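when you get a sec, could you give me coordinates for this:
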Amino acid sequence: MHINWDFFFSALGLALVLEGIPYFLWAERMPSVLRLLASKSPASLRKMGLTSILFGLLLIYFCKT
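Sure, this is the predicted structure:
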């Protein structure tokens, strides 16, 4: 299997940019958002994570076709 490292690091860089946007734009609100997430049950966090993964995979699928 051949790994396209340029593509991998580009995708990783994009993920970091997207992760950093809320902290930059709404730095004042992020502590309350993080407290809210910390108060959620593990099952709820897993559902949110699974939803995010499925949405991301769906988006990749439609962009590739």
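
skipping adjacent residues, who's closest to M48 in space?
In space, M48 comes closest to K40 once its chain neighbours are excluded; the distance is 7.7 Å by C-beta to C-beta, 6 or more residues apart in numbering. C-beta: built from backbone N, CA, C; applies to glycine.

counting neighbours, what do you get for that neighbour?
In terms of burial, K40 registers 12 neighbours under the definition other C-beta atoms under 10 Å.

SS state for it?
Using DSSP: H, G, I helix; E, B strand; the rest coil, the secondary structure recorded for K40 is coil.

okay, it: pLDDT?
If you check K40, the pLDDT there is 97.

over to T65?
Listed pLDDT for T65 reads 74.

show me where this structure has its strands.
Using DSSP state E, no strands are found in the chain.

quickly note the distance from the residue nearest to M48 to S10.
K40 sits 32 Å away from S10, taking C-beta to C-beta, to the nearest Å as the criterion.

what's the burial count for the closest residue in space to Y23 that isn't next to it in sequence?
When the adjacent residues along the chain are set aside, Y23 lies closest to M30, with 5.6 Å between them (C-beta to C-beta, 6+ apart). Look at M30: counted by other C-beta under 10 Å, it has 13 neighbours.
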